[in-house]
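Visitor: the following comprises the amino acid sequence and a computationally predicted model.
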Amino acid sequence: MIGEARLELHLPGCHTLKEKRSILKRFLEHTRRTYGVAIAEVDAQDKWQRAVVEVAAVGNERAHLHRILTKVVSEADRPGEMFLTSSEIHV
């Protein structure tokens, strides 16, 4: 089975793409390392305060995939750094 999540993020403190990429890089690396998922920014790369991220996970149990993706979604909401504006999970 394959599970995927799409996250739309708002990064209010970013005033340059360099600041945005620094915050996103930490989040993406932490998420990869902690949950063993594939994750990448897929849209709004040229927007300073907006990011769209896709997450993919592979496993043999629907409930397990849903738990992993739900944890990733909850970690994306980091007050002060970035806020989750919307998310979708499909397993």
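Guide: Done, it's in.
Visitor: packing partners for the helix or strand residue 69 falls within?
Guide: Residue 69 belongs to helix 62-76 when assigned by DSSP states H and E. Secondary-structure packing of helix 62-76 (3 or more C-beta pairs under 8 Å, 6 or more residues apart in numbering; DSSP states H and E): strand 2-10, helix 17-35, strand 50-58, strand 83-90. Heads up, the C-betas are built off the backbone N, CA and C, glycines and all.
Visitor: let's check: the centremost residue of this structure is which one?
Guide: Centrality entry for the chain: nearest residue to the mean C-alpha point is residue 53, 4.8 Å, by C-alpha atoms, centre = their mean.
Visitor: re the thing from before, now the helices and strands packed on helix 62-76 in JSON lines, with distance to residue 64 and mean pLDDT?
Guide: As requested, the helices and strands packed on helix 62-76 are arranged in JSON lines below (distance: least, C-beta to C-beta, whole Å; pLDDT from 0 to 100):
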{"stretch": "strand 2-10", "distance to residue 64": "9", "mean pLDDT": "96"}
{"stretch": "helix 17-35", "distance to residue 64": "11", "mean pLDDT": "94"}
{"stretch": "strand 50-58", "distance to residue 64": "9", "mean pLDDT": "96"}
{"stretch": "strand 83-90", "distance to residue 64": "13", "mean pLDDT": "94"}
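Visitor: any chance of those in TSV with distance to residue 75 as columns?
Guide: Output for these, formatted as TSV (distance: least, C-beta to C-beta, whole Å):
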stretch	distance to residue 75
strand 2-10	10
helix 17-35	7
strand 50-58	11
strand 83-90	9
